[in-house]
Each structure stands twice: as C-alpha cells, then as structure tokens.
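Colleague: Make a model of this:
(chains A, B, C and D)
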Number of protein chains: 2
Amino acid sequence: MPSIEQLADELKLAGDKTRLTILSILKERECCVCELAELLQTSQPNVSQHMRKLKDGKLVKESRRGQWIYYSLDLAEKPYLMELLAALPSQKDKLELACKGVKCSE
Amino acid sequence: MPSIEQLADELKLAGDKTRLTILSILKERECCVCELAELLQTSQPNVSQHMRKLKDGKLVKESRRGQWIYYSLDLAEKPYLMELLAALPSQKDKLELACKGVKCSE
DNA sequence: TCATTATATAAGCAATTAATTATATTTACA
DNA sequence: TGTAAATATAATTAATTGCTTATATAATGA
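Modeller: Numbering: from 1, shown residues only, chains lettered A, B, ... in the order given. Alright, predicted model coming up:
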C-alpha cells in the first residue's frame, strides 16, 4: 500500500499529457526513445528527459539492446496505476501506423 | 472512458500531496473547509484554493448548509480514481482525532 | 443593523516544470 | 580507428504552481 506522499509523487508523474501518453503507449509494448519521439511528434531530448523522470519514479525500466534503449512499464507492484492505464483508450492503432518507417523497428 | 488529456488533468489535480490528502479524507466523509484546514494544519485560503481547483476539475462537489460549505467526492463517473483512493491507507483515525474541538463538528 | 464566523478571491512571490537548443556519451560498424 | 546513430545531459527560458497575506463576500445571531 503506497503512502499518500508516494502516490502523490506517482500521480504527479502520470499527470502530464506527454508522460501519460508515453505510459499508455508502453502499455502496448516496450519502445525506444526514437519511436516515442516519433509517436509524440516531439524532440529526442524531450522524450529522454521524461523517461528519466519516469525511471527515477520507478514507473518504467530500461533495457539496453545495442544502440537502443528500450523502455517498458514497471508497474507490477502498482496495480492501482495499471488500472488507470486500463481506463484509457487503446494506443495500438497509433503505434502501428507511426512506427512504420522508424529505423529501429525494422 | 476518459481521454488522455482529461485523465492527465485529473491526475495532475490528484498529484499534489495536499489535494490527495483532501481527497482521501473526503473518501471517509464530507468536510467543510475549516475541518480540512485543521486536519491538514494549513491556512483557510490554502484549502479554499485547492477546493476550487478540485471543484473546477469536477472531482468534488459542494453543498452549502448555512454558514458552512461541505465538500464531498464526486467520483461516481470516475471509478479509476476511486480505485486510487482505495489504495491509500485509511484516514479515519486522523479524522476523528483532529475534528474534536472544531466548532463546525459540534 | 452590526459584529462575528465561514468561505472566497486577489495579489505577490518563490519554487517547480516542460520544452528548446547545444553538447556529451555510448554503441555499432566500416 | 573514425564516423554515424541513439541516447543522455546541461543550460536557458517561459509558464505554471502552491502558499502567504490581505481583503471581500455571505450567512448567522444578538
């Protein structure tokens, strides 16, 4: 059971449109930074800095594979946050469409 | 089903320690501003301004009764937020202790 | 009607935040 | 070994935020 402080911190992380979109994309599958930047139509450093916050807050984990760093959700211990993501519309369509043409998904 | 933007806005509201504490108190029962200020050990205008944000975001509703305005949760349409509050430790103890001696609860 | 109580609003300020731009680090591979 | 690609970090800036202090509004009751 999270403390109020801990939950408030987690919700602050999720309470940003960019980060919440990232989380809901990662619900579908792991992604690297360049895919996320493409999907969100924003810059690489912007995504990178959001990922650092999410990682510091233990909401995602990373795994490097060669040149790419793949991020995935780390919410096994936080079912109340999984519930939140489950309440959102699926991002599958956008994921499939936008990732064509991104080199790392070849 | 909320849009990503709507959920991000709601989580931003909940992602503040003061407001999340207020919400978790209101989960137990409705409260007026002076009770909340006492419980949170903060000023009346501070609580009042947080309540306005929560009200604007449709997370709480108010009902005036004489001099007092009682706030209560308005989360019937947002079960995913109720789940969040359910994940938090109960605030019953604090509520009972701190509200002794607050005039409006006599 | 006037003083009191509960609450709201407004103004000001310090701190935090999200995004941009520029640069550094790491890995792959020719 | 050197170049390119993916990612991270740093510095800057504009905007937002939470809290305080001061004041205004609304309701009660003598």
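Colleague: what packs against the lengthiest helix in chain A?
Modeller: Secondary structure assigned by DSSP state H gives helix A:44-56 as the longest helix of chain A. Here helix A:44-56 touches helix A:17-26, helix A:33-40, strand A:60-65, strand A:68-73, going by 3 or more C-beta pairs under 8 Å, 6 or more residues apart in numbering or on different chains; DSSP states H and E. The C-beta positions use only the backbone N, C-alpha and C, and glycine is treated the same way.
Colleague: can you tell which of the ones you listed is closest to B:T18?
Modeller: Taking C-beta to C-beta, helix A:17-26 is the member of these nearest to B:T18, at 21.3 Å.
Colleague: Would you mind listing the outside residues contacting that closest one?
Modeller: A:13-14, A:31, A:36, A:39-40, A:42, A:46-47, A:50-51, A:53-54, A:59-60, A:71-73, A:85, A:88, A:91, A:94-95, B:4-5, B:7-8, B:11 (C-beta atoms under 8 Å, 6 or more residues apart in numbering or on different chains).
Colleague: CA atoms only: put stretch A:71-88 into CSV for me.
Modeller: Output of stretch A:71-88 as CSV, limited to C-alpha atoms (Å, rounded to 0.1, in the frame of the first residue of the first chain):
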residue,chain,number,x,y,z
TYR,A,71,11.7,1.3,-22.0
SER,A,72,8.9,-0.7,-20.6
LEU,A,73,6.4,-0.3,-17.8
ASP,A,74,7.4,-1.4,-14.3
LEU,A,75,4.0,-1.4,-12.6
ALA,A,76,3.8,-5.0,-11.3
GLU,A,77,3.8,-3.6,-7.7
LYS,A,78,1.4,-0.8,-8.6
PRO,A,79,-1.9,-2.3,-9.7
TYR,A,80,-3.7,0.9,-9.0
LEU,A,81,-1.6,2.6,-11.7
MET,A,82,-2.3,-0.2,-14.1
GLU,A,83,-6.0,0.3,-13.6
LEU,A,84,-5.5,3.9,-14.7
LEU,A,85,-3.9,2.9,-17.9
ALA,A,86,-6.6,0.3,-18.5
ALA,A,87,-9.1,3.1,-18.3
LEU,A,88,-7.6,4.8,-21.3
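Colleague: As a markdown table, the helices and strands packed on helix A:44-56 with mean pLDDT would be great.
Modeller: Output for the helices and strands packed on helix A:44-56, formatted as a markdown table (pLDDT from 0 to 100):
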| stretch | mean pLDDT |
| --- | --- |
| helix A:17-26 | 98 |
| helix A:33-40 | 96 |
| strand A:60-65 | 96 |
| strand A:68-73 | 97 |
